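Engineer: Quick one, fold the following:
(2 chains)
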Amino acid sequence: MRCRKVEKLLPAYVDGELSERVSARVEQHLATCSHCAALLELHRGVLTQWEGLPAVAPERNLWPEIVARITASPKPRRSRLSELWQPVFGLPAPVVGVALFLLAVGLGLFSYRFTHTSPRQVERVAEASQPVQPNTSPAYSDAPQIFEAAATILGETRNPTADKLLPTKAELVGQAVLQLQSDPFLGKELKPLLDDVEIALTELSAAGSPSSQTTLRDVQKLVREKDLLVRLSVAKAVLSALTEANDMPPEILAAYLQPPK
Amino acid sequence: MRILEDELKLVEQARGGNLRAFHTLYEAYAAPLYAFILRMTRSREDAEDLLQNTFVKAYRNLSRFRGDSHFSTWLFSIAKNETVSFLRQHKRRNGKELSLNDVSTPALSLPDDEDPEVDVLNSETEAVLHQAVSHLPEKYRAAFLLGVVEGLPYEEVGKILKCTVPNVKSRIFRARAKLAKWLRKHYPEFAALVPERSKKQEA
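Structural biologist: All right, here's what the predicted structure looks like:
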């Protein structure tokens, strides 16, 4: 067997994929040809030397930037067909549509028989249509205090470049917001707002960028102006993040928890 | 690379906008994807950008993942397309591929009880291997990195590169042959680094 032929067969030889007969002929050649024998070692090296190399990983955390970009278009696109078949009340949308149509027809026929309504019935309808009170879960009973603390913390970061710990804090807050998004207590309507907070905080993590000041003002505005649940969510996120932050001494954290005078 | 057992469930949750689920997928697969992209591009900065693009594109197109392969395979397909497209653009713009000067893969610091010489050896070996791989044509390089370095099954590599399993095998064989020849020409002493145990494997 000639060198050129052996060279072509070496990968299969190393993998043990040659027939016994061909393999024996390759070995016969290798025993007498130092050139091909050296090439065989290189073939082995090409396969085995990767094993001992240190693992490769990005030098910085890329997740905050990814989050900022994907939350710019909040939800993944769905195909039109899959959108049509998204479950509503646990059933495919078209099924629910047909059911609602039949229900409407049925109700129409039923109401046709009762054209007059008693004053008591009017009262009952009025009672039922009273606006639903916001969910005042006991978990949020200490809300005003928490909210004030969060506002103070965010207020303190007015000059992001002066706070060296800000990138860490902002990242932790961002992570806390992510956790909050899976909080069943939060309604769907709050999630886009939390996304806004998340984007703002992610941008903050790149402290010193020209947009930091504007972003910070946006966050503060969001904390102060939106409805109670949003404010509480942001406050809770900020506090969870600070509680997890190892660089925040407990006495300072306690000071933050004091309502501003 | 470890495949997450509940990856389909996580993908479904991410489709509903659950970023925490998507973060779990990111944590599991970012490192091998980054390693692949870095070895394709030989630039840390470009690899980081391309990794970001891969995950952003994946998230926006989650509805197109049909579940007929591992999620990691689908991610690798996106990463490969992003990288190849980047390399082609770069080549068109500059008339050549990226410079080897961009390569920077410092060896990790070893625990005190390990021999520092091993560290040096690894760094040299690593640099030589990366340089050798960088001389491979693009399609052989991708097949080699996925099938040999990342150790993906050839079926999965075929799905990523959109070719048959025999074709994957053929590309990898050719890549290996080219690598060995390149090493013989530029670093013949590389053979001395091959551990004894692998020499005895066929004995």
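Engineer: Are stretch B:135-154 and chain A in contact anywhere?
Structural biologist: Yes - for stretch B:135-154, a contact with chain A is found by CB under 8 Å from any CB of the partner chain, at B:Val148, B:Val149. Using the backbone N, CA and C atoms, a C-beta is placed for each residue, glycine as well.
Engineer: Nearest the middle, which residue of chain B would you pick?
Structural biologist: B:Phe36 (1.9 Å; CA atoms, centre = their mean).
Engineer: measure that residue to B:Leu129 for me?
Structural biologist: Here B:Phe36 is placed at a distance of 14 Å from B:Leu129 (CB to CB, to the nearest Å).
Engineer: Look up which helix or strand A:Tyr57 falls in, please.
Structural biologist: Quick fix: residue A:57 is Ala, not Tyr. Following DSSP states H and E, one finds A:Ala57 outside all helices and strands.
Engineer: B:Ala31 is in contact with that one, correct?
Structural biologist: Yes - when contacts are counted by CB atoms under 8 Å, A:Ala57 is listed as touching B:Ala31 (5.1 Å).
Engineer: Compare the two (neighbour count), which wins?
Structural biologist: Using other CB atoms under 10 Å in any protein chain shown, the more surrounded residue of A:Ala57 and B:Ala31 is B:Ala31, with 16 against 13.
Engineer: residues contacting that one?
Structural biologist: A:Ala55, A:Val56, A:Ala57 (CB atoms under 8 Å, 6 or more residues apart in numbering or on different chains).
Engineer: try 10 Å this time
Structural biologist: With contact set as CB atoms under 10 Å, 6 or more residues apart in numbering or on different chains, B:Ala31 has these partners: A:Ala55, A:Val56, A:Ala57, A:Pro58, B:Met1, B:Leu51.
Engineer: Repeat that for B:Gly158.
Structural biologist: Neighbour list for B:Gly158: B:Ser69, B:Thr73, B:Ala143, B:Leu146, B:Gly147, B:Leu152, B:Thr164, B:Val165, B:Pro166, B:Asn167, B:Val168, B:Lys169 [criterion: CB under 10 Å, 6+ apart].
Engineer: related to what we said a few turns ago, element containing the residue nearest to the centre of chain B, please.
Structural biologist: Going by DSSP H and E, B:Phe36 is in helix B:19-41.
Engineer: tell me how far whichever helix or strand comes after that helix is from the chain's mean position?
Structural biologist: Downstream of helix B:19-41, the first helix or strand assigned by DSSP H and E is helix B:44-60. Remark: helix B:44-60 is offset 14 Å from the chain centroid, using CA atoms, centre = their mean, to the nearest Å.
Engineer: which helices and strands does helix B:44-60 pack with?
Structural biologist: Here helix B:44-60 touches helix A:63-70, helix B:7-15, helix B:19-41, helix B:71-94, going by 3 or more CB pairs under 10 Å, 6 or more residues apart in numbering or on different chains; DSSP states H and E.
Engineer: what domains does the record give for chain B?
Structural biologist: B:1-99, B:114-197 (automatic domain parsing).
Engineer: can you redo those as CSV with mean pLDDT?
Structural biologist: CSV is the format used below for the domains of chain B (pLDDT from 0 to 100):
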stretch, mean pLDDT
domain B:1-99, 87
domain B:114-197, 80
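Engineer: For those, give me TSV that also has distance to A:Arg44.
Structural biologist: As requested, the domains of chain B are exported to TSV (distance: least, CB to CB, whole Å):
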stretch	distance to A:Arg44
domain B:1-99	20
domain B:114-197	5
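Engineer: what about chain A, any weak spots by pLDDT?
Structural biologist: Applying pLDDT under 70 to chain A flags residues A:73-261.
Engineer: and residue 50, what does it touch?
Structural biologist: I'll assume chain A. If you count contacts by CB under 10 Å, 6+ apart, then A:Trp50 has B:Arg39, B:Thr125, B:Glu126, B:Leu129, B:Val133, B:Leu145, B:Val148, B:Val149, B:Glu150, B:Gly151 around it.
Engineer: that's the wrong chain, I meant chain B
Structural biologist: The neighbours of B:Leu50, taking CB under 10 Å, 6+ apart as the test, are B:33-34, B:36-38, B:40-41, B:43, B:78-79, B:82-83, B:85-87.
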